[in-house]
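K.L.:
show me how the following folds:
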Amino acid sequence: MDKKIWWQKIKNQWYKLGQTASALILTLAVLVVIVFGLGLGLAYAYQDRIFPNVALGGLSLGGLKEAQARELLENYNETIKKNIYILRFGQAADSSNGQELRLSAYGLGEAADISNSQPYYFLNTESSATLAYRWGRTGSWFSRGLEIWQALLGQADQPIELTADFVALENSIKVASTEFLDQAEDAHFVWEKNKLEVIEEKTGKIFDLEEALKKLRQQITRGEIKSIEVKTIYAEPTLKIVDLEKLKPTLEKVVKKLPLVIADSAGRIYYFAVEDLLNFLTLAKSAEGEIYWQMAPEKNQTEALRLQQYFSLTNQANFLVDNEKLVFVSKIKRGQGLDIAATFVSINEALKSETRVKKITATTVDLSQDDLDFSPAELGLKEIVAMGESDFRGSPKNRINNIKVGVRSLNGVLIAPGETFSILKALGAISAAKGYLKELVIKQGKTVPELGGGLCQVSTTAFRVALSAGVPIIERYNHAYRVPYYEPAGTDATIYDPTLDFKFKNDFKSYLMFQTEIVGTKVLYYLWGTSDGRKVVNPKPAVYNIVPPPEKLIIEDPEMPEGETKCTEKPHSGASTSFTQTITRANGEKKETVFASKYRPWQEVCLVGIKKDGTMPVSGTSPQAGAPLPIPDLLPAPSVGSPFTQTR
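P.N.:
Have a look, this model is predicted:
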């Protein structure tokens, strides 16, 4: 009996479940019929139009025919391209502090050139209109119905379909954003006041551009315009001042070994100096905190290339000027190539040697069979970028001869981009074999004849053409006193091999080349290169602190005929001079450099003949004044510093 009751209950429950399932199935069927019925009805009602509420990037296209949508999208495309997006660096997005970068489809900057025929991104109106029209019309019946209901519920806003070169846009943003970067700086060595000093490290500030660029893409494709904050990341330097202080004594010993002479088989000589040491100095820190150093060409690829060019190209060109254009008379070939890696191995060995190595041989490879040739245009020698002149009127014969030899030596000298020009290096050895004659110079307080007297006219003119070009002056010394050959005072440059040199650095992107000539008593220098738009102003030096010369100095000379007088120096008033050079770059950036010179008051010096016993002529007699000797070239006064420049 109990079993029959239990079975009856089971049957009743199954019956009720069956009724419920039937009701659910019937309801679902009715709903499906209604949904698809509405979908079919909607599809019929919108058979040539876009379903309602369909949008692209927030732009509603519902109810429009495909052609109408295309027309609306054309207008929308112009809006998209002109939308200004803002990337904010180093601040909260709602802050007015910090720096920002504005951009549109036409490029960076709010006033980007909208005439640009190829924007970074634009709306493909044909495919976008088709995409909107096909919403609810492709795929299975189920997916079509689902999309129609999404449209009815307002959930049919699709991202904009753009034709875009986001990679190019993002690369331009990365380049532009570098001006906001504040890279971490390791502690490093500098050369100041003839001493090796350590500059303290600096914590850096960089930006996480990847996340910001991802947000930018999303905003562009969705038609949104919101400021985007670029996340700041702080970076710690690797090398601290405490690390370099430990290494400093070692490098001070290395500095004492400089300059290191690097010579090749062609006779080129390069003086590897402190500047080169710091250019190529590479430091590494071990896990134990020990600091290692070496010279590495990859540390400064620009300077390494300059070194390669120095030993590869001939350093002087044979040329003529035809119709204001430069023409090489003979080919400028490489001849040889510098094996930079092998040469730096030799440099490291020399500098790390326990004993001083004064000279090494550059490792080169023969390129004489190369067909590679260089034209003036390929070296960037397109125009005259600077001119300088001086006047040697009144010079004696030997001085004029030496000036001519020196001027010829500079004609055609090539200076590679980034290279530091040294006039002593360009002139080479001063010898009689080159045609130099003896002329008076003042050396250690005495007037003596030496080969090459007068070459300061050559270096002074080089200083003036360098001033005209606006290139950085690396080394320059003024004369001990004002010399008429070099007026106006403050624009002279004295040289004396090997201690006093005149140097400047070629900071043009092109080669520079000297064209030198003498016209009458004037020395004229021209520098050929490619102008970078810089404007240079060199005002006439101001002269002040004028000090009268001391009393005449009479020196007894038993070798001269008794009573004869010969004056070796004329009196000159002492003075100070200065002028401020202003260089304005093509981008508007200005740089001012003060060139100051100090000249000692110089007394008149006369030699007077005396008797062999050392007595002066009888009292009351007047010595016969002989004609003054020519003005000699002078070494600078011991109290004069170098190079008397200050940049601000």
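K.L.:
going by C-alpha atoms from here, please, whenever you check contacts or count neighbours.
P.N.:
Will do.
K.L.:
all helices of this protein, in order?
P.N.:
2-45, 66-82, 125-133, 141-152, 166-177, 209-222, 241-255, 274-280, 301-312, 340-351, 397-410, 423-427, 456-469 (DSSP state H).
K.L.:
quick one: closest of these to K438.
P.N.:
Distance to K438, taken as CA to CA, is lowest for helix 397-410 among the helices of the chain, at 6.8 Å.
K.L.:
what about that closest one, average pLDDT?
P.N.:
When pLDDT is averaged over helix 397-410, the result is 94.
K.L.:
excluding sequence neighbours, find me the nearest residue to F319.
P.N.:
With CA to CA, 6 or more residues apart in numbering as the criterion, F319 has its nearest non-adjacent residue at 4.3 Å, and that residue is F328.
K.L.:
so the one you found makes contact with E378?
P.N.:
No: at 11.6 Å, F328 and E378 do not qualify as touching, with contact defined as CA atoms under 8 Å.
K.L.:
out of the two, which sits in the busier spot?
P.N.:
Neighbours were counted for F328 and for E378 using other CA atoms under 10 Å; F328 has more, 15 against 11.
K.L.:
let me see the contact set for that one.
P.N.:
By CA atoms under 8 Å, 6 or more residues apart in numbering, the residues touching F328 are A317, N318, F319, L320, S375, P376.
K.L.:
then I269?
P.N.:
V261, I262, A263, K425 are the contacts of I269 under CA under 8 Å, 6+ apart.
K.L.:
go again with 7 Å.
P.N.:
By CA atoms under 7 Å, 6 or more residues apart in numbering, I269 lies in contact with V261, I262, A263.
K.L.:
identify the bridge partners of it.
P.N.:
Listed by DSSP bridges, the beta-bridge partners for I269 are A263.
K.L.:
ok, the residue nearest to F319 to C456 distance?
P.N.:
From F328 across to C456, the span is 29 Å (CA to CA, to the nearest Å).
K.L.:
by neighbours, which of the contacts of I269 wins?
P.N.:
For the contacts of I269, the largest number of neighbours (other CA under 10 Å) sits with I262, at 20 neighbours.
K.L.:
am I right that it is in contact with A362?
P.N.:
Yes: I262 is within contact range of A362, at 5.9 Å (criterion: CA atoms under 7 Å).
K.L.:
do you know the pLDDT at the residue lying closest to C606 once chain neighbours are set aside?
P.N.:
Counting by CA to CA, 6+ apart, C567 is the residue found nearest to C606 once chain neighbours are left out, at 3.8 Å. On pLDDT, C567 comes in at 86.
K.L.:
likewise for the one 4 residues further on?
P.N.:
Among the per-residue scores, P571 holds a pLDDT of 89.
K.L.:
domains for the chain, by residue range?
P.N.:
Domains of the chain are assigned by automatic domain parsing as 1-37, 55-180+203-235, 249-532.
K.L.:
I'd like the ones you listed as JSON lines, with distance to V547 appended.
P.N.:
Shown next, in JSON lines, are the domains of the chain (distance: least, CA to CA, whole Å):
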{"stretch": "domain 1-37", "distance to V547": "108"}
{"stretch": "domain 55-180+203-235", "distance to V547": "50"}
{"stretch": "domain 249-532", "distance to V547": "11"}
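K.L.:
among those domains, which gets the worst mean confidence?
P.N.:
Comparing mean pLDDT across these, the weakest is domain 1-37, with a mean of 65.
K.L.:
coming back round to it: hmm, the residue nearest to C606 is touching Q603, no?
P.N.:
No: between C567 and Q603 there is no contact under CA under 7 Å: 10.8 Å.
K.L.:
how near is the most centrally placed residue in the chain to P549?
P.N.:
The residue lying closest to the centre of the chain (CA atoms, centre = their mean) is D507, at 7.9 Å. To P549, D507 is 41 Å away according to CA to CA.
K.L.:
now do L108
P.N.:
The value you get for L108 to P549, if CA to CA is used, is 64 Å.
K.L.:
and what of I332?
P.N.:
Distance from I332 to P549, by CA to CA: 52 Å.
K.L.:
swap in S143?
P.N.:
Look at S143 and P549: by CA to CA, they are 105 Å apart.
K.L.:
between those two, which one's more packed in?
P.N.:
Higher neighbour count among S143 and P549: P549, with 16 against 13, using other CA under 10 Å.
K.L.:
next up, phi/psi of that one, please.
P.N.:
Main-chain torsions, P549, degrees, to the nearest 10: phi -70, psi 150.
K.L.:
chain neighbours aside, what residue packs nearest to D366?
P.N.:
Q336 (4.6 Å).
K.L.:
that neighbour: how many residues sit nearby?
P.N.:
22.
K.L.:
test my guess that it contacts A362.
P.N.:
No: applying CA under 7 Å, one finds Q336 not in contact with A362, separated by 11.0 Å.
K.L.:
give the contact list for the residue nearest to the centre of the chain.
P.N.:
P417, G418, V471.
K.L.:
out of those, who has the most neighbours?
P.N.:
That'd be P417 among those, by other CA under 10 Å, with 21 neighbours.
K.L.:
just checking, it touches N506?
P.N.:
Yes: using CA under 7 Å, P417 is in contact with N506, at 5.5 Å.
K.L.:
would you mind measuring from the nearest residue to A575 once chain neighbours are set aside to K598?
P.N.:
Distances taken as CA to CA, 6+ apart place I546 nearest to A575, at 4.3 Å, with adjacent residues excluded. Distance of I546 to K598, given as CA to CA: 10 Å.
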